[in-house]
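> could you work out the structure for the sequence below:
(one chain, ligands or ions: 1)
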Amino acid sequence: MAVLILGSIALDTVKTPVEEHADLLGGSASYAALGASFFSPVKLVGIVGDDFPASEFEFWKSRGIEAEGVQRVKGKTFRWSGEYAWDMNTRETRSVALNVFEHFRPALPQSYRETDFVLLANIAPALQAHVLDQMKRPRFVVADTMDLWIETTRADLDALLQRVDLLILNDSEARELTKETSLIKAGRKIRKSGPKYVAIKKGEHGALLFGEDEFFSCGAYPLEDIHDPTGAGDTFAGGLAGYLASRKTDPTFADLRRATIYGSVLASFNVEAFSLERLRTLTMDEIAERYQMFKAMSAFEEISV
Ligand code: AMP
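Below you'll find the model as predicted:
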């Protein structure tokens, strides 16, 4: 079963304490789509300018990522630049140029509208809602967000939460959204505001998953070499949503636990190289091997919270 993915498609410049690379393929939808493509066909929605490499469309095709919903318009592609501190976790945005993104109004091709699984990757909540408005009756909607939308478009985000089955966000965003210091309280509070499920990412420390009366703590893979953490969250969301879509039926909490592990596996590979380079060569065998390691490291008992 396919998963529809909406988000940003970008050209990124990324600086770490040891390396800097310019004009790399990035954006929340690029990472999420490639992550999901390991498990399910993808219908991609986004916008690029005429400076965007045509070879990427060929690559998407080779990965089962349909790009009929990607608008290619005159102008420059969205550009983002960030710099990481020595901990490879703290990041400062150096510049953002919206370019063609400024007037982006996603229009879904007819063939996209009946897709059952949807991932609204990080992008303005009003655009996420606009895509949902065009869909027939999606069975399961996953959304990602970021601090910017919590701070600048809170009403739009609150409205979107009513229409989302699973919200994914990181620990600092969960605290900011709920004004809670405890992530457990934050997860529960977000569930009460709309989403049936909540996944809170804790960077290199794993992820927490909240259901109605179920809870799962997913450990983190002990990576030695992190080259570029950019897009880890988006890859997590893509792997998770792609796995859920591959199950075909309405997700159970057991499916969501496995999806959280697959998302974590994909994210752990993504940070091993700049941009999407590691994901481009990744194989299902490598994913399966690391999944088993995660499984061995994670607690699988369900507990009530
Ligand atoms: P992450 O590391 O998961 O926060 O995602 C980083 C990616 O998000 C980069 O590839 C950026 O191009 C993209 N990005 C940065 N700012 C935004 C924004 N305001 N809206 C959508 N995508 C963004």
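> from here on, contacts and neighbour counts on C-alpha atoms
Noted.
> so what does Ile9 look like in phi/psi?
Per-residue torsions, Ile9: phi -120, psi 120 (degrees, to the nearest 10).
> shaky segments in this structure?
298-305 (pLDDT under 70).
> mind doing that once more with 50?
Counting by pLDDT under 50, the chain shows no low-confidence range.
> let me see the ranges of the strands in it.
3-6, 10-15, 20-26, 42-48, 65-72, 78-84, 91-97, 117-120, 140-144, 166-170, 197-201, 207-210, 215-218 (DSSP state E).
> okay, those strands, which one's buried deepest?
strand 3-6 (a mean of 30; mean count of other C-alpha atoms under 10 Å).
> if we can go back for a sec, now the strands of the chain in a markdown table, with distance to the ligand?
Formatted as a markdown table, these follow (distance: least, C-alpha to the nearest ligand atom, whole Å):
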| stretch | distance to the ligand |
| --- | --- |
| strand 3-6 | 10 |
| strand 10-15 | 5 |
| strand 20-26 | 4 |
| strand 42-48 | 11 |
| strand 65-72 | 15 |
| strand 78-84 | 5 |
| strand 91-97 | 7 |
| strand 117-120 | 11 |
| strand 140-144 | 9 |
| strand 166-170 | 9 |
| strand 197-201 | 10 |
| strand 207-210 | 14 |
| strand 215-218 | 18 |
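> nearest to Ala186, out of these?
strand 197-201 (9.2 Å; C-alpha to C-alpha).
> can you tell me which residues contact the spatially most central residue of the chain?
Nearest to the geometric centre of the chain sits Asp234, at 2.7 Å (C-alpha atoms, centre = their mean). Counting by C-alpha atoms under 8 Å, 6 or more residues apart in numbering, Asp234 touches Ser28, Ala29, Tyr31, Ala32, Ala121, Asn122, Asp144.
> for those, pick the one with the most neighbours.
Neighbour tally across the contacts of Asp234 (other C-alpha atoms under 10 Å): the maximum, 35 neighbours, falls on Ala32.
> roughly how far apart are the residue nearest to that one when sequence neighbours are not counted and the ligand?
Spatially, and ignoring its direct neighbours in sequence, Ala32 is nearest to Gly238 (3.8 Å; C-alpha to C-alpha, 6 or more residues apart in numbering). Taking C-alpha to the nearest ligand atom, to the nearest Å as the measure, Gly238 falls 11 Å from the ligand.
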